[in-house]
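1. Below is the structure, and that's it, no one-letter string:
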């Protein structure tokens with residue numbers, strides 16, 4: 001079993017910052033990639049940012065220059081630093097862990113609300 005736990009969501013005013021954390025634990029032999037997705041009400045879940053074990057990153061165009069993903073491989077933890085937040089960033093943010101075995105695990109989600 002693999003557990004994925006997110007933390008760090010909350011309510012912030014537009015222009016503010018938040019830092020999300022996601023820790024994976026359990027029967028983890030090797031993680032390939034970790035990333036963040038988000039889902040706003042009435043919309044599909046979308047990629048926000050992803051980072052591989054080697055440190056390669058990929059960001060959604062809407063967050064480039066504002067969000068930064070980082071990772072602590074020793075702790076199986078990924079972070080998402082979100083700056084210059086906008087009301088349209090409001091969503092439930094989910095952490096996704098992809099193992100080398102290609103198995104995928106999701107966290108329960110953390111709410112981020114940006115007020116205008």
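-> Arrived safely, thanks for sending. Being a predicted model, the structure only gives us computed values, none of them experimental.

2. element containing the spatially most central residue of the chain, please.
-> The chain has residue 36 as the residue nearest its centroid, 2.6 Å off, counting by C-alpha atoms, centre = their mean. Assigned by DSSP states H and E, residue 36 belongs to strand 31-39.

3. picking that back up, so the nearest residue to the residue nearest to the centre of the chain once chain neighbours are set aside: helix, strand or coil?
-> Distances taken as C-beta to C-beta, 6 or more residues apart in numbering put residue 48 closest to residue 36, at 4.3 Å, once the chain neighbours are dropped. Where you see a C-beta, it was placed from the backbone N, CA and C, and this is true even at glycine. Secondary structure for residue 48, judged by DSSP: H, G, I helix; E, B strand; the rest coil, is strand.

4. Likewise for residue 88?
-> Taking three-state DSSP as the rule, one finds residue 88 in the helix state.

5. on that earlier part again, just to check, the residue nearest to the centre of the chain is in contact with residue 18?
-> No - between residue 36 and residue 18 there is no contact, the gap being 11.8 Å when judged by C-beta atoms under 8 Å.

6. tell me the strands in the protein, going along the chain?
-> In the chain, the segments counted as strands under DSSP state E are 2-7, 10-13, 18-26, 31-39, 46-52, 57-59, 67-72, 77-82, 91-99, 104-106, 110-115.

7. Can you report how many residues neighbour residue 87?
-> Residue 87 sits with 11 neighbouring residues when counted by other C-beta atoms under 10 Å.
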